[in-house]
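> no sequence on this one, just coordinates:
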């Protein structure tokens, strides 16, 4: 059984439910557009910096490994196997963007 309420009257509300948020938490229209952009740019910069540092670390590790194997005999065998004189050196290829410095 529901109690009928007269039209136009609202059910009782607590005083805490009627209090609006303080003006300090409400962002202005300019900062509400700028803040999300700054958060996205900051996150992208952080991820980019992390990826760059990891690539530099791995490149240094690979350089140390290849420096140990970079002897004249190995270079001669590599040039012969890859036919560097005929096809060109693949290290100078446009698609070798990881080797760019």
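Okay, I see it. Predicted, not measured: the structure shown is a model, and the values here were computed from it.
> contacts and neighbour counts: CA atoms only from here.
OK.
> pull the distance from the biggest helix by length in the chain to the chain's centre.
Taking DSSP state H as the criterion, the chain has its longest helix at helix 29-69. Chain-centre distance of helix 29-69: 7 Å, with C-alpha atoms, centre = their mean, to the nearest Å.
> how far is whichever helix or strand comes after it from where the chain is centred?
Moving toward the C-terminus from helix 29-69, the next helix or strand (DSSP states H and E) is helix 72-82. Relative to the centre of its chain, helix 72-82 is centred 39 Å away, using C-alpha atoms, centre = their mean.
> which secondary structure elements does helix 72-82 sit against?
Judged by 3 or more C-alpha pairs under 8 Å, 6 or more residues apart in numbering; DSSP states H and E, helix 72-82 is in contact with no other helix or strand.
> neighbouring contacts of that helix?
Where contact means C-alpha atoms under 8 Å, 6 or more residues apart in numbering, the residues beyond helix 72-82 that reach it are residue 85.
> how does the chain divide into domains?
33-70, 72-101 (automatic domain parsing).
> tabulate these (JSON lines), appending mean neighbour count.
Output for the domains of the chain, formatted as JSON lines (neighbours: other C-alpha atoms under 10 Å):
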{"stretch": "domain 33-70", "mean neighbour count": "12"}
{"stretch": "domain 72-101", "mean neighbour count": "11"}
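> lowest average pLDDT across those domains?
Lowest mean pLDDT within the domains of the chain: domain 72-101, at a mean of 81.
> tell me the angle of the longest helix of the chain relative to helix 72-82?
Interaxial angle of helix 29-69 relative to helix 72-82 (axes from the mean of the first three to the mean of the last three C-alpha atoms, to 10 degrees): 110 degrees.
> alright, calling it a day.
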